[in-house]
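Chemist: just coords:
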């Protein structure tokens, strides 16, 4: 992979990378379609990265189906699929990692303390292997997007990182490979995440500025479903992720909820009337 991409760079080709963990859905395909328009050679990586899963998380159960993924990609004119295994990515004596000091202290990082070290390390490796000019990531994993942008800036990676808006299913549920875990009954509970976010946006547009009141209403809505367990519901600065008490400028509302054993995340920008929320991760 690295030799191929070095040769492409020598020829002046623009390389685009879409990193995934596979079991593709329409959200991934939206990244791939955007990536197709951004350069000459489009690489999709598929790697279920063990270092970003905690000891009691779903690494072994995470859905995998390479044949299905390749079939979904065929109409999208992907030039290369990079599909390494863990032994190739992490040799027997691997001991190097990348750790950010501030961004992982918030949101998902509080309950998943090793997660973003695993994310940053594997993305850095993918950047060094594929040598992309451009890499695309979904805004559904907003904290991940910020972590990667911070790493790229801090370590002087010559990669343009582009965030692509969240793709939703017809009922509003943010697309995720983990949605396949949900039963029909659990799906109704899962919809409370997006319903809470939409209600919060409506509150802000109607003049509510007290973050605590918005968070309380969202939490009450989610807890109405007995199978739902809240990890966090937060309103924060969209660049630093520090909590906000008052919404006087565009703010990120993010949440993580377990529906039975399935952990789901979602987010939305809350913009007081008259303000616009452009891509805040840039």
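Modeler: Here it is on my side, so go on. Keep in mind the model is a prediction, meaning the values are calculated, not measured. Residues are numbered from 1 along each chain as shown.
Chemist: hmm, who's touching the longest helix belonging to the chain?
Modeler: In terms of residue count, the longest helix belonging to the chain (DSSP state H) is helix 184-205. With contact meaning Cβ atoms under 8 Å, 6 or more residues apart in numbering, helix 184-205 is reached by 168, 171-174, 179, 182, 213-214, 217-219, 221-222, 224-225, 227-228, 233, 235, 247, 253, 255, 257, 259-260, 262, 264, 266-268, 270-273. In this view, the C-beta of every residue, glycine as well, is placed from N, C-alpha and C.
Chemist: let's go with 6 Å and repeat that
Modeler: Outside helix 184-205, the residues that touch it by Cβ atoms under 6 Å, 6 or more residues apart in numbering are 172-173, 182, 214, 218, 221-222, 225, 227-228, 247, 253, 255, 257, 259-260, 264, 266, 268, 270, 273.
Chemist: Out of those, which sit inside strands?
Modeler: Members of the contacts of helix 184-205 lying in strands (criterion: DSSP state E): 228, 253, 255, 257, 259, 264, 266, 268, 270.
Chemist: Looking at these, which is nearest residue 118?
Modeler: The closest of these to residue 118 turns out to be residue 264 (Cβ to Cβ; 19.4 Å).
Chemist: Relative to residue 181, how far out is that closest one?
Modeler: Counting by Cβ to Cβ, to the nearest Å, the gap from residue 264 to residue 181 is 9 Å.
Chemist: Can you name the residues in contact with stretch 163-175?
Modeler: 25-27, 30-31, 34, 136, 138-140, 145, 190-191, 194, 266, 279, 281.
Chemist: tell me the domain ranges of this structure?
Modeler: For the chain, the structural domains run 2-164, 181-270, going by automatic domain parsing.
Chemist: I'd like those domains as TSV, with mean neighbour count appended.
Modeler: Output for the domains of the chain, formatted as TSV (neighbours: other Cβ atoms under 10 Å):
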stretch	mean neighbour count
domain 2-164	17
domain 181-270	18
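Chemist: Just put those domains in TSV and tack on mean pLDDT.
Modeler: Below are those laid out as TSV (pLDDT from 0 to 100):
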stretch	mean pLDDT
domain 2-164	97
domain 181-270	97
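Chemist: how far does the helix or strand encompassing residue 163 sit from the chain's center?
Modeler: Residue 163 is part of strand 160-164, with elements assigned from DSSP states H and E. Here strand 160-164 is found 11 Å from its chain centre; the criterion is Cα atoms, centre = their mean, to the nearest Å.
Chemist: and if you look at stretch 113-131?
Modeler: Using Cα atoms, centre = their mean, the offset of stretch 113-131 from its chain centre is 13 Å.
Chemist: Tell me if residue 34 really is in a helix.
Modeler: Yes - assessed with DSSP: H, G, I helix; E, B strand; the rest coil, residue 34 lies in a helix.
Chemist: the strands in the stretch 51-200 of the chain, which residues?
Modeler: In the stretch 51-200 of the chain, strands defined by DSSP state E, counting those that start in this stretch lie at 80-82, 134-138, 160-164, listed in chain order.
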